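>>> Give me a model of this one.
(one chain, ligands or ions: 3)
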Amino acid sequence: MRRWTDAFNLVDALRDLRQDAHLGRVALPLPVLAAHGVTLADLRTGRRTPQLHALVRELAVTAHGWLDDADGLADRHPALAASWRTLIRLQRLQLRALERGRPLSGGRRGTGRLRRALVLHSGRLHAALNWRRLGPVLTPPQGAPVPAPPPPVTPVVPRPRPAEPPLPPRPHAGGARPPAGLGDRVPRHVAIIMDGNGRWAAERGLPRPRGHAAGQSALRDVVYGALELGIPHLTLYGLSTENWKRPAAEVEEILRLLGEGADADREEVFARDVRLWWSGLPEGLPAGLLDALETTVRRTAHRRGLTLTLCVNYGGRAEITAAARKLAGDVAGGGVHPSAVTAPLFARYLHRPALPDVDLLIRTGGDHRLSNFLPWQAAYAELVFLDTLWPDLDRTGLWRAVETYARRERRFGGLGEAAAQGRIEST
Ligand code: IPE
Ligand code: IPE
Ligand code: MG
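Ligands and ions are numbered 1, 2, ... in the order given. Down below sits the predicted model:
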């Protein structure tokens, strides 16, 4: 119930942003606005700047996640469940309208009156039918032990079910444990170009798609390894904008596997403390895959152990070009002055503005190139190239790459420890 109330309040706060800004009492914490570069003055104008759009979309993901949790309460009397789901569906309608860019000025404009009416009427009808069919108390199924009747004064109210605690990562098959003593040299963000599936299959005389299927277990093991080592962000290259050049059957198989892997009901890693994000262009992706990605993003939005970003139909140039196009639109529209265009401002236009810089970029499969992967975010990444073909990798390969990374000195254009030390001594 609290989850639903939280979501309700958040939707309300978003819907009334403009009005509240005029009254000087915005319900969202100011640091949240500041983190997205949104000012009270922006809110008062009611204009949808890209920053405001990004803020609304991010908070909508959170609200959808809370509604997913609240949905789990609908397991009591079917009539109550029907009413409960109707409330949730109405909130989702408002959220979708906000995500699509309806004005943030209060009221219910933009939610689609017909849709609202349909949701309300079908909810009422279901609730009424179930009350009539089952009466106020559920009859136990035949053969089941008959429980003691509830005390007459107790109303049938859905009881909150605590959110399932995430399972610990599955241990390594050979019992390997993560390296100790890395301290603060564990990278914050590891990105991986999972390459070598086709060659793995060819070596075994198998068709290439079998290599992609074998890569799924490597992916799972590496996710567990990242969780065990405490890496906060892991970003994986699933399908590039250039991979469409491959035979249709191979691309279809990759898309099918990605859809399966993104489905939280099928993929075991999402029972762990893993939050899914995805990055890439939605155009051309099958609706089922997009739905699996978006649903899992919402369902795992509250998790904090590891953020797993799946890059699907991703290309660095496409990402930067799309960002430049949106920014150019804002500059032309007068919303952004050319002198305000800085690297941090530009980064807010990327597919996933909250994705941090990559610290360690790993490529398996023996090739030494970046293949259009995260050029903006990996500008200062340490690169580690492994000869292992992706399906042969497990978490120990990830840990070895992290140990290599931990021994490197990162200078970011400066002089580094030793040179700085020498400079101090020689002055
Ligand atoms: C990487 O493996 C996976 C994807 C591109 C989806 P490849 O399919 O590129 O494997 P190789 O490089 O041909 O061995
Ligand atoms: C990069 O691998 C893309 C993914 C791993 C998804 P490719 O195999 O497509 O890269 P190139 O073609 O060898 O550069
Ligand atoms: Mg390849």
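>>> Flag every residue of the protein that's near ligand 2.
Within the chain, the positions near ligand 2 by C-beta under 6 Å from any ligand atom are 193, 194, 195, 237, 238, 239, 240, 243, 367, 369, 371. Backbone N, C-alpha and C define where each C-beta goes, glycine included.
>>> and residue 308, that's in a strand?
Yes: according to DSSP: H, G, I helix; E, B strand; the rest coil, residue 308 belongs to a strand.
>>> Begin at 20 from now on, thanks
Understood, numbering begins at 20; the last thing we discussed is residue 327.
>>> For it, list each beta-bridge partner.
In this entry, residue 327 is beta-bridged to residue 253, residue 295, by DSSP bridges.
>>> Quick check, pLDDT for it.
pLDDT for residue 327: 98.
>>> Burial check on it, number of neighbours?
A total of 26 residues lie near residue 327 under the criterion other C-beta atoms under 10 Å.
>>> Now that residue 393 has come up, it's in contact with residue 336, right?
No: taking C-beta atoms under 8 Å as the definition, residue 393 is not a contact partner of residue 336, at 11.3 Å.
>>> Between those two, point out the one with more neighbours.
Higher neighbour count among residue 393 and residue 336: residue 393, with 25 against 11, using other C-beta under 10 Å.
>>> What separation is there between the residue of the stretch 70-219 of the chain found nearest ligand 1 and residue 268?
Using C-beta to the nearest ligand atom, the closest approach of the stretch 70-219 of the chain to ligand 1 is made by residue 217 at 2.7 Å. Going from residue 217 to residue 268 by C-beta to C-beta, to the nearest Å gives 13 Å.
>>> Which residue of these two possesses the greater neighbour count?
For residue 217 versus residue 268, the count of surrounding residues by other C-beta under 10 Å is larger for residue 217: 20 against 11.
>>> name the element that one belongs to?
helix 216-222 (DSSP states H and E).
>>> next helix or strand past that helix?
Next helix or strand after helix 216-222 toward the C-terminus (DSSP H and E): helix 227-248.
>>> Give me the buried positions along that next one.
227-235, 237-248 (16 or more other C-beta atoms under 10 Å).
>>> What residues does the stretch 170-319 of the chain have near ligand 1?
So far as C-beta under 6 Å from any ligand atom goes, the stretch 170-319 of the chain lies against ligand 1 at 213, 214, 215, 216, 217, 218, 258, 262, 273.
>>> From residue 392, how far out is residue 350?
Using C-beta to C-beta, residue 350 is found at 28 Å from residue 392.
>>> all strands of this protein, in order?
Secondary structure of the chain by DSSP state E: the strands cover 208-212, 252-259, 293-298, 325-333, 379-382, 401-404.
>>> Format those as CSV; extra columns: distance to residue 109.
Putting the strands of the chain into CSV (distance: least, C-beta to C-beta, whole Å) gives the following:
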stretch, distance to residue 109
strand 208-212, 38
strand 252-259, 35
strand 293-298, 26
strand 325-333, 30
strand 379-382, 44
strand 401-404, 49
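>>> among those strands, which is nearest residue 78?
strand 293-298 (14.9 Å; C-beta to C-beta).
>>> what about stretch 52-66, distance to the chain center?
Centre-to-centre, stretch 52-66 and its host chain are 24 Å apart (C-alpha atoms, centre = their mean, to the nearest Å).
>>> got a list of contacts for that stretch?
With contact meaning C-beta atoms under 8 Å, 6 or more residues apart in numbering, stretch 52-66 is reached by 36-37, 39-41, 43, 45, 68, 70-71, 73-74, 77, 122-124, 354, 364, 367.
>>> Which of the residues you listed fall in helices?
Within the contacts of stretch 52-66, residues falling in helices by DSSP state H are 36, 37, 39, 40, 41, 70, 71, 73, 74, 77, 364.
>>> Which one (most neighbours) among those?
Neighbour counts for the ones in helices among the contacts of stretch 52-66 (other C-beta under 10 Å) peak at residue 36, which has 28 neighbours.
>>> Starting from ligand 2, give me the distance back to that residue.
Taking C-beta to the nearest ligand atom, to the nearest Å as the measure, residue 36 and ligand 2 are separated by 39 Å.
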